[in-house]
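In: predicted structure and sequence below. I'll ask about it afterward.
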Amino acid sequence: MRFDIITIHPELLSGPFSHSILKRAQDKGLVEVHFHDLRDYTLDKHNRVDDYQFGGGAGMVMTIEPIDRCISALKAERDYDEVIYMTPDGEQFDQPMANRLSTKGNMIILCGHYKGIDQRVRDHFITKEISIGDYVLTGGELAAAVVCDAVIRLIPGVISDETSALFDSHQDGMLAPPVYTRPAEYKGWKIPDVLLSGNERLIEDWRHEQALKRTQERRPDYLSDDGMK
Ligand code: 6GU
């Protein structure tokens, strides 16, 4: 898998990819992440990548030329499965979308800014528009990092315990049950007895029950009409 992220703030993005699991995934060669500074692609003598919008109104709009030059340069090197635009009016990102994206090869991610980008970029280059939720961020960079994180951790071999990603909250339309570790008692706060029983069947039943309870309380929309799973 390969991500090419187009941004006017590469420094905002480098952090999340330089540590922990995302760094290890790159070191292991499981994913490549490349940042492209949009300003390197503008022909404007003042390095501008935005302009006033036609028809008037507040807010600058990202211009088409540097984006075209950057995307075209990337496409000349390899084929891409998706050209993604990060925007608050995109399709809402969720676990099924992360799962689908984790099966793709090469992806370009364009981070939006200002009032948005010239609509012709969306019409002619973009294959998918993604929002990470119903709120507005200052730019698409943090949202792009969120999407990449959720996708990269699904690549086989990225998470050491291969099966653990399957049991995540949201993965089967259920939230995850509570977990505990040592000590079994802390300041008088005990863990549930069943977890010390050694009875796998009972533990499995308890976990399912707890996951169901948590899902009913917090995400009833996940459960079918009869509340059974
Ligand atoms: Cl992808 N971009 C921005 N600027 N704000 C957002 C978003 C994206 N997703 C949710 N809010």
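Out: Good, I have the coordinates.
In: is stretch 44-60 anywhere near the ligand?
Out: No. Between stretch 44-60 and the ligand, judged by Cβ under 6 Å from any ligand atom, nothing touches; the nearest distance is 12.5 Å. Every residue, glycine included, has its C-beta placed from N, CA and C.
In: got the contact list for that stretch?
Out: Residues from elsewhere that reach stretch 44-60, judged by Cβ atoms under 8 Å, 6 or more residues apart in numbering: 8, 38-39, 42, 61-63, 66, 113-115.
In: swap in stretch 124-141?
Out: Outside of stretch 124-141, the residues within contact range by Cβ under 8 Å, 6+ apart are 7-9, 12-13, 67-68, 71, 82-93, 97, 109-113, 122, 143, 146-147.
In: can you select the buried ones from those in ChimeraX?
Out: Per 16 or more other Cβ atoms under 10 Å, the buried members of those correspond to this ChimeraX selection:
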select :7,8,9,12,13,67,68,71,82,83,84,85,86,87,88,90,93,97,109,110,111,112,113,122,143,146,147
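In: which ones among the contacts of stretch 124-141 are found in strands?
Out: Judged by DSSP state E, strands contain the following of the contacts of stretch 124-141: 7, 82-92, 109-111.
In: could you tell me what pLDDT the model assigned to the residue of the chain most remote from its centre?
Out: The C-alpha centroid of the chain is most remote from Gly188, which lies 39.3 Å away (Cα atoms, centre = their mean). In this model, Gly188 is scored at 98, pLDDT.
In: with Gln171 instead?
Out: So Gln171 comes in at 80 (pLDDT).
In: ok, it touching Ser164?
Out: No. The criterion here is Cβ atoms under 8 Å, and Gln171 misses it with Ser164 at 10.0 Å.
In: picking that back up, enumerate every residue touching the residue farthest from the centre of the chain.
Out: Gly188 makes no contacts at all, as judged by Cβ under 8 Å, 6+ apart.
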